[in-house]
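Peer 1: Dropping a prediction and its sequence here:
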Amino acid sequence: MLPTPGSVVTDADALAPHNVDWMGRFTGASSVLLKPRSTAQVAAVLRHCHAHGIPLVPQGGNTGLVGGSVPVADEVILSLSGMAAIESFDATSGVVTAQAGVVLEALDAYVGERGHRVPLDLGAKGSCQIGGNVATNAGGSRYVRYGSLRASVLGVEAVLPTGEVLEGLTALRKDNTGYDLKQLMIGGEGTLGVITRVALACPPLAAAVHVTLLKVGTFADAVALLAAAKGQLAEILSAFEFMDADAVRLAVTHLSHVRDPLGASDGDGGGGGDGGGDAAGASGGPFYVLIETAGSSEAHDREKLDAFLEASMASELVTDGVVAESAGQAAAFWELRESLPEAVGKAGAKTFKYDVSLPMDAFYALVAEARARLAAAGADADVVGWGHMGDGNLHLNVAARGDVAAVAAALEPWVYERVAASRGSVSAEHGLGVMKAGAIGYSKDPVSVGVMRAIKGLLDPKGILNPLKMLPPVGAEKAA
Ligand SMILES: O=C(O)CC[C@@H](O)C(=O)O
Ligand SMILES: [Zn+2]
């Protein structure tokens, strides 16, 4: 099969952005990128690589945060960007079938024009691709409403490391015939197969969407607000996003286009510096909560939201808040929330990121303890927390300056041990990639890791597909 023009890239400048992740933290040294246009071409590449023992790394939008989509050494980069067709849409079921390289935002726009929405939304939507989203089982801010992609992805076509094609592109809602093999591809981080096409169930577009930004004084109040939102907003709740005051401060300080709509009225003294050991700083308060509702009736939804807000104000759970009165204002609230990864990246020489699931009683305690630990170590760092609180998913971020090695030593393995002690997950939604492969043992028992290794060995006997991602070399995992 002759390569089509542009499907083989060897020019060093053209390769450079594919050899490094977007945060600039993981760099590989691949000398070739392949850009197949069809499943048959992907299969041909994998057959060849399998026969000759050539390692390769699948790459979508390369927006991941754990170094999962860049080479560790000189693996061939297999880009799915050349497979970006939306192939079909079923107006009755809302099922869209698309090739792996379709950009999430483009897919959402396509189904949006047809009265539906993709059940996944995240900050990187402008460049991440649906194949990568499925391969990493990306979470994002609509998870609280639509749940994991594992339920919304109805079918997956994937090429196995041997070059065989797993023909799983069904659009069936129910299918209990045999093991559900597509689940190995969803969240498999490209270690078991290369996803080439997906069938995704998209819920109806909401006729009424409301976005509100609220401020609460303590983390306990944020927890109570979440319970109230789940109870009172119920089926129209479509996002419950949490940000601490220091995260918001970093965004407005480092990003000129971002504003804090509640900033001017910050009269409770906690929103200023990064703590310095005072009580407000140690607790991290105040906290911001972005709530989105999405439903079918403007009047009904607004009535529900207003009743919820009145009750929350009356009970003094909420100290301040604003409801977006235009689409532009709603977008600005989301911009504040989605700008946090970029903001924290600008605040220090090195950013440490921990994407964890924790029970509510340990959720913000992790941020507060990390802050106290680093202060005690004399570190020059901003310690901030935000996340998808409705799903128990915290993003602990540390922007470190000065002696970053000392910061690393203070954080690891302490963070992982702390999460394991709470029976949390050390990888809630970003995956393990190369960054956290060695930490798998903090969240999975040895028997589970052994079964994972056996599956990997069965499907990829030569270990060519995305090596050193997700599963560390035998014996290299740290125990809980
Ligand atoms: O940068 C992070 O830690 C989280 C990124 C993303 O998952 C988010 O929810 O903002
Ligand atoms: Zn997230």
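Peer 2: Sure thing, it's come through. Ligands and ions are numbered 1, 2, ... in the order given.

Peer 1: for whatever helix or strand Asp361 lives in, packing partners?
Peer 2: Asp361 is part of helix 360-376 when elements are defined by DSSP states H and E. With contacts taken as 3 or more Cβ pairs under 8 Å, 6 or more residues apart in numbering; DSSP states H and E, helix 360-376 sits against helix 219-232, helix 279-283, strand 380-388, strand 393-401, helix 404-411, helix 414-421. All C-beta atoms are positioned from the backbone trio N, CA, C, and that covers glycine.

Peer 1: measure Ser443 to ligand 1 for me?
Peer 2: Going from Ser443 to ligand 1 by Cβ to the nearest ligand atom, to the nearest Å gives 17 Å.

Peer 1: give the contact list for that residue.
Peer 2: Residues near Ser443 by Cβ atoms under 8 Å, 6 or more residues apart in numbering: 419-420, 424-427, 480.

Peer 1: what's the closest of those to ligand 1?
Peer 2: The shortest approach to ligand 1 among the contacts of Ser443 belongs to Ser427, at 11.6 Å (Cβ to the nearest ligand atom).

Peer 1: and the closest one, that one's in a strand?
Peer 2: No: if the criterion is DSSP: H, G, I helix; E, B strand; the rest coil, then Ser427 is coil and not within a strand.

Peer 1: Surely it touches Gly438?
Peer 2: No: applying Cβ atoms under 8 Å as the test, Ser427 and Gly438 come out as separate, 11.7 Å apart.

Peer 1: and these two? which has more neighbours close in?
Peer 2: With neighbours defined as other Cβ atoms under 10 Å, Ser427 and Gly438 compare such that Ser427 has more, 26 against 18.

Peer 1: Double-check that Phe242 belongs to a helix.
Peer 2: No: Phe242: not assigned to a helix; according to three-state DSSP it is strand.

Peer 1: can you list the residues of the chain near ligand 1?
Peer 2: Within the chain, the positions adjacent to ligand 1 are 65, 123, 340-341, 353, 355, 395, 397 by Cβ under 6 Å from any ligand atom.

Peer 1: Buried subset of those as a PyMOL selection?
Peer 2: Selection of the buried residues among the residues of the chain next to ligand 1 in PyMOL, burial being defined by 16 or more other Cβ atoms under 10 Å:
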select buried, resi 65+123+340+341+353+355+395+397
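
Peer 1: Now for Cys49: which residues touch it?
Peer 2: 55-56, 76, 161, 464.

Peer 1: What number of residues are in the vicinity of the residue nearest to Phe363 when sequence neighbours are not counted?
Peer 2: Closest residue to Phe363 apart from its sequence neighbours, by Cβ to Cβ, 6 or more residues apart in numbering: Leu394 at 5.5 Å. Applying other Cβ under 10 Å, we find 25 residues neighbouring Leu394.

Peer 1: and Leu394, bridged to which residues?
Peer 2: When bridges are called by DSSP bridges, Leu394 pairs up with Val356, Gly387.

Peer 1: State the pair within the contacts of Cys49 that is farthest apart.
Peer 2: Using Cβ to Cβ, these span at most 12.7 Å, a distance reached by Val76 and Pro161.

Peer 1: out of these two, which sits in the busier spot?
Peer 2: Counted by other Cβ under 10 Å, Val76 and Pro161 do not tie: Pro161 has more neighbours, with 23 against 19.

Peer 1: in stretch 225-240, what's buried?
Peer 2: If you call a residue buried by 16+ other Cβ under 10 Å, then stretch 225-240 has these buried ones: 225-226, 228-229, 232-233, 236-240.

Peer 1: same thing with stretch 142-162?
Peer 2: Within stretch 142-162, the residues that count as buried by 16+ other Cβ under 10 Å are 142-146, 148-149, 152-162.

Peer 1: Inside strands: which ones of these?
Peer 2: 153-159 (DSSP state E).

Peer 1: Show me which of these is closest to Gly321.
Peer 2: Val153 (35.6 Å).

Peer 1: Which residues are in contact with that closest one?
Peer 2: 134, 182, 186, 198-201.

Peer 1: Tabulate those in JSON lines, adding columns for pLDDT, neighbour count and secondary structure.
Peer 2: Listed next are these as JSON lines, based on pLDDT from 0 to 100; neighbours: other Cβ atoms under 10 Å; DSSP: H, G, I helix; E, B strand; the rest coil:
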{"residue": "Val134", "pLDDT": "98", "neighbour count": "27", "secondary structure": "helix"}
{"residue": "Lys182", "pLDDT": "98", "neighbour count": "25", "secondary structure": "helix"}
{"residue": "Ile186", "pLDDT": "98", "neighbour count": "22", "secondary structure": "coil"}
{"residue": "Val198", "pLDDT": "98", "neighbour count": "30", "secondary structure": "strand"}
{"residue": "Ala199", "pLDDT": "98", "neighbour count": "24", "secondary structure": "strand"}
{"residue": "Leu200", "pLDDT": "98", "neighbour count": "25", "secondary structure": "strand"}
{"residue": "Ala201", "pLDDT": "98", "neighbour count": "20", "secondary structure": "strand"}
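
Peer 1: Which one of the residues you listed is nearest to ligand 1?
Peer 2: Once Cβ to the nearest ligand atom is applied, the member of those that ends up nearest ligand 1 is Val134, at 16.1 Å.
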